[in-house]
Structure formats: C-alpha cells, structure tokens
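Asker: let's see this in three dimensions:
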Amino acid sequence: MTTTTPQQATRTSTRRAPKRRPPAAESTASEQARTAATDSAPADRTATPTASFESRVAAEHPDTLRKLYRDMLFVRRFEERTAQSYQQAKIGGYCHLNLGEEATVVGLGAAMRPTDYLFTNYREHGYALAKGIEPGRVMAELYGRSTGTSKGWGGSMHMYDTETRLLGGYAIVGGQVPLAVGAALAIDYRGGDDVVVCQMGEGTTNIGAFHESLNLAALWKLPIVFLVVNNQTGMGTTVEKSSAEPDLWKRAAAYRMRGERVDGTDVLAVRDIAGELIEAARRDGQPALLEAVSHRLKGHSVVDPAKYRSEQAVSAARSHDPVERWKAALLSIGVLDDDSAGAIASSVDAGVAAAVEFADASPHPEPSSLFDYTYATPVPGDSRRLPADPLFTA
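Answerer: This is a model prediction of the structure:
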C-alpha cells in the first residue's frame, strides 16, 4: 500500500506540529485493517490481507461482535422497510438505500467520536442511524413529517442533525465536499480536536470540487478524512469505464496525502483503518483518503431496476453480503447461535416497526412554515405568499 507524505502547510495552523512516527511504530491493528478489498473487488485491484477475516473476528470481545451485527442488521431492515414504504407512496422524491454497504456504514460509525462531524451524499439513511439519530426521526424525515431530522422538509436526501453532528445529506454530487473542508478549516482555526469525515460515492472523484478540496486539505493540513464508498457502479456505469485511474485510493498521491483501500464488506477492517486515519487527522492534522470497496445489492435508487448489471455482477454482490457474512462468522465461533440470532432479529424488527409507527403518527409540516428557513435571518420584503394566495389584498 502506497503512502505519501503531505506537503508543508502554507498557512499558520493552530494545531500542534505533526509527529512523525517511525515505520516500526505502526500498530498491528493498522496492518490488519489494510485488508484492502480482499475478494470483494477485481483481483487486479486488491492487496493481500495480513490476517484472516476469521482470526480478526475471533480476537474481538463477543459483546462488540454482537453489537456490530445488531447495528448492521438494523440498517438492513430499516432500508428494506424504507423501500416498502416508498412503494406504498409514503415516501416521495428520490430515495437511495445503503443495502450492501452496511459494514462500511457501521464500521465508520464505530471509528468516530460522537463529537466528530460527518458530511454525506444522498445515500445517507444508514449513516444517520450510525451517528446516533433516533430511528423514528430518520423515518419521519423520510415520510416528510415535522418530527423528522429536517422537520420534514429535507426528505431522503437531506438528513441533518446538529446534535449528532451529521451535517447533511447532499443531493448534488460532490456538493458536500467543499463544505466538509470548510468545517475542517473552522475546527483548525479554533484549535479544536474534532475531525470531519466526508463520505461520497466513487463518481464524485471525477468532479473538480473533489480535487480542489483535497488540494486545500493537504496544503493546510486540515483534520479531515475523505471516505469514498466504491460500490463499483456509479449509477449505471462501472468505475473502469468512467475513471482513467480506477484505483481511487491512488488519487491521494497527487496531493501527497495518505491513501488507503479497505474491504467495505469487512466491518472490522473498516473500523480499524478508518479509526487510524481519523486519529491521525485529529493528532497531526493529517488528511487522508479511504476507499471502501463494497457492492450495491439493489439499483442506484429504489425505482432503478438495474437492468444494466450482468448476472455475474448481481451474483457477486449477493455472495459478498456483509450482513450474512458477519452472521455466519459469529455462528461459526459460537458468539451467536440460532436462539440469540433470532432474539437480535426480533429486537431489530421491533425497533424498525416502532420507527414506522412514530413516522406514521407524526404530523405533516404546516403550510405556513414553508418559508421559515428560506433565510437564516429576517429579510425585509420577504414574500410568504402561497400559490393560492392573491397577489394583492384589499
């Protein structure tokens, strides 16, 4: 795995100077985390893991293993119920699911501090749950209800919650990337020790704002980690057909930034390498790029039948199902049995059902609140006329 040295900062930073560690000081966890996509991606885009998946699972505390399973299963069942609600016309607009990406979602959540900031793209329901937002509020936002994270005005693509520091949910491809760098600059300017994680899909790496943002983050040594979730199909186009360099982690080298690739279906590998990169950003102001290779189990959005995908690609995605893989591993080492697995599943189903019930019972936003958040502060002459209102009053 290639790692390059960031450039010297061209501005005065309030963070302490980076501490350079000798190669021998690298942790075993770091080496184990670099499982680099194992067999979940094409063979010519992989690296050899330093420890087997089974041995790393066995080394963890049973309670940790079970919690990771429950969290991944919750995202899976929540997204499946979201798809059902969309088909029932309870959810409007576009809707993109994390089905197949649960290990990346949960692994990242386990690596972050509650005070760290997260910016995401429009495929963010699972990240909202992983960041600690109450499931009922997430579902209520999907339903367009006033009890949702964005008071019902954001919907599927615009989750936002300042308390848990999930700062979007962005529908425009790459729209979150410059803003995330700005948040990291604010942390650096104030001398804080929080870190920003900016999640995006692989298609975002081809837009100008991506390169501008990585350049500034490296120049100014900002506390940010860029997470590229490479599900290998940007909408309907494969990475190989859309990117001249399909090894996306290598793009970090252009900015002398550390780049890593990880198996996005391995929750422990994601947690460990994401945690290492986050702590390096926190400690040294060392930004990094992490590519998590995963598989999308469904189409780009709920309404996409994904007819552009070959049977081979669909079969590969199903064979790398991270939730089933994790469950099988825990059953094999005795951390789970049929009864305990069933109990977790029942608890998850009840939690998702409660979220749906909460959303169903929540009120829609009042029409009079339509313009409440058009401006951050009052603006003279601000029109609040609704479509049916007369232009002039007597």
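
Asker: and Asp304, how far from Ala83?
Answerer: 11 Å (C-beta to C-beta, to the nearest Å). In this view, the C-beta of every residue, glycine as well, is placed from N, C-alpha and C.

Asker: any common contacting residues for the two?
Answerer: Lys298 (C-beta atoms under 8 Å, 6 or more residues apart in numbering).

Asker: quick one: contacts for the closest residue in space to His295 that isn't next to it in sequence?
Answerer: In space, and not counting its chain neighbours, His295 is closest to Ala317: 3.7 Å by C-beta to C-beta, 6 or more residues apart in numbering. Neighbouring residues of Ala317 by C-beta under 8 Å, 6+ apart: Gly100, His295, Arg296, Leu297.

Asker: show the average pLDDT along the longest helix along the chain.
Answerer: Across the chain, the longest stretch assigned as helix under DSSP state H is helix 62-87. Helix 62-87 shows a mean pLDDT of 97.

Asker: averaging pLDDT per element, find the lowest-scoring helix or strand in this protein.
Answerer: helix 28-33 (a mean of 44; mean pLDDT, DSSP states H and E).

Asker: picking that back up, which elements pack onto the longest helix of the chain?
Answerer: helix 102-111, helix 125-130, helix 135-142, helix 267-284, helix 322-332, helix 338-361 (3 or more C-beta pairs under 8 Å, 6 or more residues apart in numbering; DSSP states H and E).

Asker: and it, how far from the chain's centre?
Answerer: 15 Å (C-alpha atoms, centre = their mean, to the nearest Å).

Asker: got it, and stretch 321-339?
Answerer: 24 Å.

Asker: count of neighbours near Ala51?
Answerer: 17 (other C-beta atoms under 10 Å).

Asker: host element of it?
Answerer: Using DSSP states H and E, Ala51 falls within no helix or strand.

Asker: relative to Ala59, how far out is it?
Answerer: Ala51 sits 8 Å away from Ala59, going by C-beta to C-beta.

Asker: ok, Leu297 next?
Answerer: 28 Å.

Asker: kindly report the same for Leu68.
Answerer: 13 Å.

Asker: list the buried residues in the helix or strand that the least confident helix or strand of the chain is followed by.
Answerer: Downstream of helix 28-33, the next assigned helix or strand under DSSP H and E is helix 53-58. Judged by neighbour count using 16 or more other C-beta atoms under 10 Å, the buried positions of helix 53-58 are Phe53, Arg56, Val57.

Asker: please report the number of neighbouring residues for Ala341.
Answerer: Using other C-beta under 10 Å, Ala341 is surrounded by 17 other residues.

Asker: go on, Ala288?
Answerer: There are 26 residues near Ala288, going by other C-beta under 10 Å.

Asker: tell me the pLDDT of it.
Answerer: 98.

Asker: might one say that it is in contact with Val262?
Answerer: No - counting by C-beta atoms under 8 Å, Ala288 does not reach Val262; the two are 11.7 Å apart.

Asker: quick one on the thing from earlier: can I get the buried residues of helix 53-58 in a markdown table including distance to Thr149 and pLDDT?
Answerer: Formatted as a markdown table, those follow (distance: C-beta to C-beta, whole Å; pLDDT from 0 to 100):
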| residue | distance to Thr149 | pLDDT |
| --- | --- | --- |
| Phe53 | 34 | 86 |
| Arg56 | 34 | 92 |
| Val57 | 33 | 91 |
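
Asker: now render those as TSV, adding distance to Ala274.
Answerer: Below are the buried residues of helix 53-58 laid out as TSV (distance: C-beta to C-beta, whole Å):
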residue	distance to Ala274
Phe53	17
Arg56	15
Val57	17
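
Asker: on that earlier part again, and the longest helix of the chain with helix 102-111, angle?
Answerer: Helix 62-87 runs at 120 degrees relative to helix 102-111, counting by axes from the mean of the first three to the mean of the last three C-alpha atoms, to 10 degrees.

Asker: show me which parts of helix 62-87 are buried, residue by residue.
Answerer: Buried, per 16+ other C-beta under 10 Å, within helix 62-87: 65-66, 68-79, 81-83, 85-86.

Asker: same question, stretch 253-267
Answerer: Tyr255, Met257, Arg258, Gly259, Glu260, Arg261, Val262, Asp263, Gly264, Thr265, Asp266, Val267.

Asker: isn't the last one up against Pro322?
Answerer: Yes - taking C-beta under 8 Å as the definition, Val267 is a contact partner of Pro322 at 6.7 Å.

Asker: okay, and the common contacts of those two?
Answerer: Joint contacts of Val267 and Pro322 (C-beta under 8 Å, 6+ apart) are Met72, Glu102, Ala103.

Asker: how close does the first one get to Asp266?
Answerer: Distance check for Met72 against Asp266: by C-beta to C-beta, it reads 11 Å.

Asker: quickly list what's touching both of those two.
Answerer: With C-beta under 8 Å, 6+ apart, Met72 and Asp266 have common neighbours Ala103, Pro322.

Asker: and stretch 189-205, end to end?
Answerer: 27 Å (C-alpha to C-alpha, to the nearest Å).

Asker: so where's the stretch 1-150 of the chain uncertain?
Answerer: Where the stretch 1-150 of the chain drops to pLDDT under 70, the residues are 1-50.

Asker: what is the burial count for the residue nearest to Gly203 when sequence neighbours are not counted?
Answerer: Spatial nearest neighbour of Gly203, excluding adjacent residues (C-beta to C-beta, 6+ apart): Gly234 at 3.4 Å. By other C-beta under 10 Å, 20 other residues sit near Gly234.

Asker: make 15 the starting number, not 1.
Answerer: Taking 15 as the first residue, the last one we looked at is Gly248.

Asker: my guess is Gly248 contacts Thr219. True?
Answerer: No - proximity of Gly248 to Thr219 does not meet the contact threshold set by C-beta under 8 Å, at 9.3 Å.

Asker: to Phe385, which of the helices and strands packed on helix 76-101 lies closest?
Answerer: Smallest distance to Phe385 across the helices and strands packed on helix 76-101 (C-beta to C-beta): 19.3 Å, for helix 149-156.

Asker: fine by me, we can end here.
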